[in-house]
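**Q** Predicted model and sequence follow; I will ask about them next.
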Amino acid sequence: MTRAGLIRLALILGALALLEWACRYGFVSREAVIPPTVMLQGAGRALASEETRGEILWTLQNVALSLVLSLIVGSAAGLLLHKATRLRRALDPLLASYYAVPTFVFYPLFIVLFGLNRWPLIAIGFLFAVVAVIINTLDGLARIPRAFVRTAAVMRLTPAQYAVHIILPAAAPWLFTGAKFAVAYSFIGVIAGEFVVSGAGMGHAIAFAYNSFDNRMMYGLIVLLFAIVGSINMLFWSFERRLYARAGR
Amino acid sequence: MTEHLRVEGVTRVYPPVERHAAVHALGPIDLALKQGEFFSVVGPSGCGKSTLLDVVAGLAKPTAGTIHFEGKPVAGEVPDGVGVVFQEDASFPWLTVYDNAAFALRRAGVADAEVRERVASTLAFTGLASFAQAYPAQLSGGMRQRLCIARTLVMRPRMLLLDEPFGALDQQTRLLMGDELLKLWRETGATILLITHSLDEAALLSDRIGVMSARPGVFIDLVETGWARERDSRIVSQAAFGEVTGRLWSALRDQSIKALAMAS
């Protein structure tokens, strides 16, 4: 493990030990926060329950669907707007202020449109994630050096060769950033939707445990959620680092 | 020597964009380059030197006039046999030096064995063989520019268009890179059209130098240097070198003042 990794691990373990100590010795009310070791037990209990495993799977499916949709639609829209410069100029202020709009207010509308099933949640997750993908795709395409575009013309590359061998690798850092944001926003959109209005999923299970004063289950699920989101982001991060280490970026 | 490139009555006018009026950037330009000639273009900033290169390369269409390379018209795309090296670093940072050099050959469907042979000899020629597995970020600016030249040479161009390829390098490195360029010019026999703002570079490297006016750029003087084909940067200490740069500056001085006044 690198020195930075050791420091990171020490910081996390130190913070957890401090919280454990504060909870055990009454500096933090155990009715509000339980010790991390008890949270871990709660996570184990959640994983042991078939019903809770079903809630987790339901959420992961919803997140995966909203993520895939936002990546496909966001990349395509980014490419289209990059080509249509006038349309992009017209939409720029709207894209910049998009995240000021509380997309959750559309949830009732989505229930009317899609029915009481998973699709309103996926729509919320998608709406949350898609614009981050569009913005980062646009950024990536705009930052491809002009010399690369001219080099492609000199080499007489076909449009497909140009897309695969120049655009994709040259814009990769921004596309990755868009994908990382899309993961985070898909989770936020789906979990928050489940938390507030849905009758299923991790968000719903956390809300149910909260209303039932079942702190162990509530914190256990939160720990699991952190572990899942953290693992996915770490996967992206390590893949990205390996890719850029080669290119010396 | 046979004629390799002919440019006749070429002009380039950029059309008006929103509130900006049309810009007459170039021409009319007439130019004929002989096979294996080293020709440089100097001129004040913004006179249309790079526009001329773009038009000759087929990267931009002329508003009027015609360009013929090896007797065939250049029509909207880079002709086969023409290689271009730009001022900016155009090496692909995600590929190794070897893969950068092999890039165009692989895209053109050249067989693996031939790719290996051509890349190995070109990297050896440009002094990059021991850096084949390095990434561009691990190279100096001069080496990256040599990589871009290697990537172009590997395609064995019969005419090389260079748009201020050493513009980002220091004076000493430029002189040494100039020597390398002269060496590859002699060995490949390619025709070279070099765009540069450096009078010394033009005087050192070229058989002939075209001096352009302020925008719209037209040739106001053609200077023959009279150098032997076997030459290197040591000629900068010769009196004749000073005479060439002196003549270039005499032709350019008023045009540079005019260009400065247009820019301010």
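**A** Noted; the coordinates are in hand.
**Q** measure the closest residue to chain A within the stretch 51-200 of chain B to residue B:91 for me?
**A** Nearest residue of the stretch 51-200 of chain B to chain A: residue B:137, at 2.7 Å (CB to the nearest CB). C-beta here means a position set from N, CA and C on the backbone, and glycine is covered the same way. From residue B:137 across to residue B:91, the span is 9 Å (CB to CB, to the nearest Å).
**Q** Report the separation between the residue of the stretch 51-200 of chain B closest to chain A and residue A:151.
**A** According to CB to CB, residue B:137 stands 18 Å off from residue A:151.
**Q** of these two, who's got more company?
**A** For residue B:137 versus residue A:151, the count of surrounding residues by other CB atoms under 10 Å in any protein chain shown is larger for residue A:151: 24 against 13.
**Q** Provide the secondary structure category for the nearest residue to the more buried one once chain neighbours are set aside.
**A** Residue nearest to residue A:151 in three dimensions, not counting chain neighbours: residue B:90, with 4.7 Å by CB to CB, 6 or more residues apart in numbering or on different chains. Following DSSP: H, G, I helix; E, B strand; the rest coil, the label given to residue B:90 is coil.
**Q** now do residue B:83
**A** Residue B:83 is classified as strand under three-state DSSP.
**Q** and it, how many neighbours?
**A** Residue B:83 has 24 neighbours, counted by other CB under 10 Å.
**Q** Quickly find the element holding the closest residue to it other than its chain neighbours.
**A** In space, and not counting its chain neighbours, residue B:83 is closest to residue B:157: 3.2 Å by CB to CB, 6+ apart. Assigned by DSSP states H and E, residue B:157 falls within no helix or strand.
**Q** what's the answer for the one 5 residues further on, then?
**A** Under DSSP H and E, the secondary-structure element containing residue B:162 is strand B:159-163.
**Q** That strand - contacts with which helices or strands?
**A** For strand B:159-163, the elements it packs on are helix B:49-57, strand B:82-85, strand B:191-195, judged by 3 or more CB pairs under 8 Å, 6 or more residues apart in numbering or on different chains; DSSP states H and E.
**Q** for residue B:132, phi and psi?
**A** Main-chain torsions, residue B:132, degrees, to the nearest 10: phi -60, psi -40.
**Q** Write out the residues of chain A neighbouring chain B.
**A** For chain A, the contact set with chain B under CB under 8 Å from any CB of the partner chain comprises A:145-148, A:150-151, A:153-157, A:161, A:165-166, A:169-170, A:172, A:243, A:246-249.
**Q** so of those residues, which ones are in strands?
**A** Secondary structure assignment (DSSP state E) places none of those within strands.
**Q** So how do I select the buried members of these in ChimeraX?
**A** Per 16 or more other CB atoms under 10 Å in any protein chain shown, the buried members of the residues of chain A next to chain B correspond to this ChimeraX selection:
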select /A:145,147,148,150,151,153,154,155,157,165,166,169,170,172,247
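**Q** Next, residue B:65: secondary structure please.
**A** Under the three-state scheme (three-state DSSP), residue B:65 adopts strand.
**Q** Show me what the helix or strand containing residue B:251 is in contact with.
**A** Using DSSP H and E, the element containing residue B:251 is helix B:239-263. The contact list for helix B:239-263 (CB atoms under 8 Å, 6 or more residues apart in numbering or on different chains) reads B:42-47, B:199-200, B:202-204, B:209, B:211-215, B:220-221, B:223, B:225-226, B:235.
**Q** Which ones among those lie within strands?
**A** Counting by DSSP E, the contacts of helix B:239-263 place B:42, B:209, B:211-212, B:220-221, B:223 in strands.
**Q** For ChimeraX, write the selection for the buried entries among the residues you listed.
**A** Entered in ChimeraX, the line below selects the buried ones among the ones in strands among the contacts of helix B:239-263, by 16+ other CB under 10 Å:
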select /B:42,209,211,212,221,223
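**Q** any chance of the ones in strands among the contacts of helix B:239-263 in JSON lines, with pLDDT too?
**A** Listed next are those as JSON lines, based on pLDDT from 0 to 100:
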{"residue": "B:42", "pLDDT": "94"}
{"residue": "B:209", "pLDDT": "96"}
{"residue": "B:211", "pLDDT": "94"}
{"residue": "B:212", "pLDDT": "94"}
{"residue": "B:220", "pLDDT": "93"}
{"residue": "B:221", "pLDDT": "92"}
{"residue": "B:223", "pLDDT": "93"}
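**Q** What is the nearest of the ones in strands among the contacts of helix B:239-263 to residue A:223?
**A** residue B:42 (69.3 Å; CB to CB).
**Q** Number of residues surrounding residue B:53?
**A** Neighbours around residue B:53, by other CB under 10 Å: 21.
**Q** Just confirm it contacts residue B:82, I think it does.
**A** No: contact status for residue B:53 versus residue B:82: not in contact, 10.7 Å apart, counting by CB atoms under 8 Å.
**Q** shared neighbours, the two?
**A** By CB under 8 Å, 6+ apart, residue B:53 and residue B:82 have these common neighbours: residue B:161.
**Q** gap between the two ends of stretch A:25-40?
**A** In stretch A:25-40, first residue to last residue: 19 Å (CA to CA, to the nearest Å).
**Q** what's in contact with it?
**A** Against stretch A:25-40 from outside (CB under 8 Å, 6+ apart): A:16, A:19-24, A:42, A:215-216, A:219-220, A:222-223.
**Q** In the stretch 1-150 of chain B, mark out all the strands, start to finish.
**A** Using DSSP state E, counting those that start in this stretch, the strands of the stretch 1-150 of chain B run over B:3-14, B:23-34, B:38-42, B:64-69, B:72-73, B:82-85.
**Q** would you list the helices and strands packed on strand B:159-163 in a markdown table and tack on mean pLDDT?
**A** Below are the helices and strands packed on strand B:159-163 laid out as a markdown table (pLDDT from 0 to 100):
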| stretch | mean pLDDT |
| --- | --- |
| helix B:49-57 | 92 |
| strand B:82-85 | 93 |
| strand B:191-195 | 96 |
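**Q** Out of the ones you listed, which gets nearest to residue A:124?
**A** Closest of these to residue A:124 is helix B:49-57, at 48.9 Å (criterion: CB to CB).
**Q** Show me what the closest one is packed against.
**A** Packing contacts for helix B:49-57, counted by 3+ CB pairs under 8 Å, 6+ apart, involve strand B:3-14, strand B:23-34, strand B:38-42, strand B:64-69, strand B:82-85, strand B:159-163, strand B:191-195.
**Q** Looking at these, spot the one closest to residue B:127.
**A** Per CB to CB, nearest to residue B:127 of these: strand B:82-85, 16.0 Å.
**Q** buried set for the closest one?
**A** Buried, per 16+ other CB under 10 Å, within strand B:82-85: B:82-85.
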